[in-house]
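I'd like to go over a predicted model; first the sequence, then the structure.
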Amino acid sequence: MYTESELRDKLAELRALTSENEVVEFKKVTSNFDFDKLGKYFSALSNEANLKQCKEAWLVLGIEDKTHNVVGSKYKEFGDGLMKLKKGIADKTISRCTFREIHVLSVDGKRVIMFEIPPAPLGTPVPYDGHFYARDHESLVPLGEEKYDRIRSQSKNKIGVLR
């Protein structure tokens, strides 16, 4: 669980990256974002976090992807819409995998949403709505056979080193 200060530090660390990568995705999303696209990113980032042995992956809304400037987001701003996303994603994945947490920060008076995504379980790639996804650097792509096999061949008894 991150404190607000730790989240601010994490966001600064992510924004300092030269570009998005397999475990970090920024979206400018100012008001609306397609739920199925969100699910595909969840699958891809979770699978990549597993392969990279990372303790989490991040999808961040309200940040421009090329400049990493804060633009803010009104996505699911009112009510419990963000929390309902956790159930919606869990309903379309195996083993009810979902966001570890959805964090909302105010940065320079602008709302930023940070989706904390756990790595896929050892030996089990995470599908969304029956399809497996991955990343090819900054792009969302179907999970290829090689990556699928790498995840499936992991021993459940193996303890991975998480970064």
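Sure, I can see it. Numbering: from 1, shown residues only.

Just the buried residues of the lengthiest helix in the chain, please?
With DSSP state H setting the assignment, residue counts place helix 35-51 as the longest helix in the chain. Residues of helix 35-51 classed as buried: 38-51 (neighbour count, 16 or more other Cβ atoms under 10 Å). All C-beta atoms are positioned from the backbone trio N, CA, C, and that covers glycine.

how about the helices in this structure?
4-15, 35-51, 81-90, 145-152.

Throw those into CSV and include mean pLDDT and distance to Val24, thanks.
Shown next, in CSV, are the helices of the chain (pLDDT from 0 to 100; distance: least, Cβ to Cβ, whole Å):
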stretch, mean pLDDT, distance to Val24
helix 4-15, 98, 6
helix 35-51, 98, 8
helix 81-90, 95, 18
helix 145-152, 97, 18
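
give the contact list for His131.
Residues near His131 by Cβ atoms under 8 Å, 6 or more residues apart in numbering: Lys40, Ser43, Pro142.

Distance check, the second one against Val126.
I take that to be Ser43. Using Cβ to Cβ, to the nearest Å, Ser43 is found at 5 Å from Val126.

which residues are common contacts for the two?
With contacts taken as Cβ under 8 Å, 6+ apart, Ser43 and Val126 have Thr93, Phe132 as neighbours in common.

hang on, the earlier thing: what angle do helix 81-90 and the longest helix of the chain make with each other?
Helix 35-51 and helix 81-90 meet at an angle of 70 degrees, taking axes from the mean of the first three to the mean of the last three Cα atoms, to 10 degrees as the criterion.

and helix 35-51, C-alpha only, in CSV?
Only the C-alpha atoms of helix 35-51 are listed here, as CSV (Å, rounded to 0.1, in the frame of the first residue of the first chain):
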residue,chain,number,x,y,z
PHE,A,35,-13.7,-0.3,-20.8
ASP,A,36,-12.5,-3.1,-23.2
LYS,A,37,-9.4,-1.1,-24.0
LEU,A,38,-8.8,-0.8,-20.2
GLY,A,39,-9.2,-4.5,-19.8
LYS,A,40,-6.7,-5.2,-22.7
TYR,A,41,-4.2,-2.9,-21.0
PHE,A,42,-4.7,-4.7,-17.7
SER,A,43,-4.0,-8.1,-19.3
ALA,A,44,-0.9,-6.8,-21.2
LEU,A,45,0.6,-4.9,-18.3
SER,A,46,0.0,-7.8,-15.9
ASN,A,47,1.6,-10.3,-18.2
GLU,A,48,4.6,-8.1,-18.9
ALA,A,49,5.1,-7.4,-15.2
ASN,A,50,5.3,-11.2,-14.7
LEU,A,51,7.8,-11.6,-17.5
